[in-house]
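Trainee: got a structure for you, letters missing:
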């Protein structure tokens, strides 16, 4: 079977097939001064309100609607959010799901995976260890593997975040996106295709995309920090990387303290609770890692809500 193209056409066509199963998450315009910034406009895409608590539900459903599901069900490796998304989608589609997570996974996320009816396997120090275990399980059982960020269906599904954002906040100049393995930013880049400035935001201690952009190819990085369970890919995806090379104009890095500050400001200004990875893109504005021009219209993806704790509250 020919590999699916990752572009505006496939994002749009797959969106029409999953839209009845996902939430069209709202976009909230807030005053930049509310986050102690001065520029034109700020629009938050509240993907933390998506089913299962993150954008990853879009990609999970896309796997189900564009291909067959074997009797053995599906299997996924995850830092937590992808596993919850696959578990949710599998439950809704009446399929079995087996989810492998590393020991660093947030207990709030692993509990959610179990609550959604998936078979949970915990082991290994990092996401890469969970991925190896999931691949071995797929080979042994015949389960369909749903990769967190490096399959066309995943990127195509995540690209619908950009599709909705453009409809809800037309005329943006810039979109800030937190990056782990690159599935979200790759899908959004495929949707916009250079029509807005896309800025990647990564923790300084988990910067796989910046390392790849600097090296000219995906390369391994060490991973740590408070957002490692969601943004802790040790290597950016091979499918997302060329899209980022073509359409991501700037890469910025933030610290754990920047992310904690963004979580607190988001709560104070909107009463929304984001996990560390979910607040990372906003941290780029609050910290000054990305400084918009005075008339710049900025969109920020608030991409995940699966946490039990909130710094400063």
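Mentor: Ah, there it is. Keep in mind the model is a prediction, meaning the values are calculated, not measured.

Trainee: Now do the buried residues in stretch 241-261.
Mentor: For stretch 241-261, the neighbour count (16 or more other C-beta atoms under 10 Å) marks 241, 243-244, 247-248, 251-256, 258-261 as buried. Placement of C-beta: from N, CA and C, glycine included.

Trainee: Local confidence estimate at residue 128?
Mentor: Looking at residue 128, its pLDDT stands at 83.

Trainee: Not counting its neighbours along the chain, what's nearest it?
Mentor: Spatial nearest neighbour of residue 128, chain neighbours left out: residue 234 (5.4 Å); criterion: C-beta to C-beta, 6 or more residues apart in numbering.

Trainee: re the thing from before, for the buried residues of stretch 241-261, which one is nearest residue 165?
Mentor: If you rank the buried residues of stretch 241-261 by distance to residue 165 using C-beta to C-beta, residue 247 comes first, at 14.8 Å.

Trainee: thinking that closest one is in contact with residue 196, fair?
Mentor: No - between residue 247 and residue 196 there is no contact under C-beta atoms under 8 Å: 9.2 Å.

Trainee: which SS state does residue 281 fall under?
Mentor: Recorded secondary structure, residue 281: helix (DSSP: H, G, I helix; E, B strand; the rest coil).

Trainee: OK, contacts around residue 44?
Mentor: 27-30, 270, 282, 299-300, 302 (C-beta atoms under 8 Å, 6 or more residues apart in numbering).

Trainee: again, but for residue 193
Mentor: Residue 193 is in contact with 7-8, 247, counting by C-beta under 8 Å, 6+ apart.

Trainee: ranges for the helices of the stretch 201-313 of the chain?
Mentor: Under the criterion DSSP state H, counting those that start in this stretch, the stretch 201-313 of the chain contains helices at 208-215, 228-231, 240-247, 256-270, 276-287.

Trainee: so which of the ones you listed gets nearest residue 190?
Mentor: helix 240-247 (5.5 Å).

Trainee: how far away is residue 232 from residue 285?
Mentor: 22 Å (C-beta to C-beta, to the nearest Å).

Trainee: And residue 29, by the same measure?
Mentor: For residue 29, the distance to residue 285 - C-beta to C-beta - is 14 Å.

Trainee: same deal with residue 302?
Mentor: Relative to residue 285, residue 302 is positioned 12 Å away (C-beta to C-beta).

Trainee: Next: residue 214.
Mentor: Here residue 214 is placed at a distance of 23 Å from residue 285 (C-beta to C-beta).

Trainee: For these two, indicate the residue with more neighbours.
Mentor: Remark: of residue 214 and residue 285, residue 285 carries more neighbours, 27 against 11, as counted by other C-beta atoms under 10 Å.

Trainee: nearest residue to residue 119 other than its sequence neighbours?
Mentor: Leaving out its chain neighbours, the residue that sits closest to residue 119 by C-beta to C-beta, 6+ apart is residue 98, at 4.6 Å.

Trainee: So that neighbour sits against residue 74, correct?
Mentor: Yes - between residue 98 and residue 74 there is a contact under C-beta under 8 Å: 7.5 Å.

Trainee: what residue ranges in the stretch 1-150 of the chain score low on pLDDT?
Mentor: Filtered on pLDDT under 70, the stretch 1-150 of the chain yields the residue ranges 1-2.

Trainee: which residues of it fall in helices?
Mentor: For the stretch 1-150 of the chain, applying DSSP H, counting those that start in this stretch gives helices covering 8-18, 56-66, 81-93, 107-115, 127-141.

Trainee: just how off-centre is the longest one within its chain?
Mentor: In terms of C-alpha atoms, centre = their mean, to the nearest Å, the centre of helix 127-141 is set 21 Å apart from its chain centre.

Trainee: how far off helix 81-93 does that helix point, in degrees?
Mentor: Between helix 127-141 and helix 81-93, the angle comes out at 30 degrees (axes from the mean of the first three to the mean of the last three C-alpha atoms, to 10 degrees).

Trainee: And stretch 267-281, end to end?
Mentor: Start and end residues of stretch 267-281 are separated by 15 Å (C-alpha to C-alpha, to the nearest Å).

Trainee: can you check stretch 113-128 too?
Mentor: First residue to last in stretch 113-128 (C-alpha to C-alpha) measures 19 Å.

Trainee: I'd like the numbering to begin with 25 instead of 1 from here.
Mentor: Got it, first residue is 25 now, which makes that one stretch 137-152.

Trainee: list the buried ones in that stretch?
Mentor: 137, 140, 142, 144-145, 148, 150-152.

Trainee: So what touches that stretch?
Mentor: 76, 101-104, 107-108, 110-112, 114-115, 120-129, 134, 153-154, 156-157, 161, 172, 247, 252, 256-258.

Trainee: what about 6 Å?
Mentor: Contact with stretch 137-152 is made by 103, 107-108, 111-112, 115, 121-126, 154, 256, 258, as judged by C-beta atoms under 6 Å, 6 or more residues apart in numbering.
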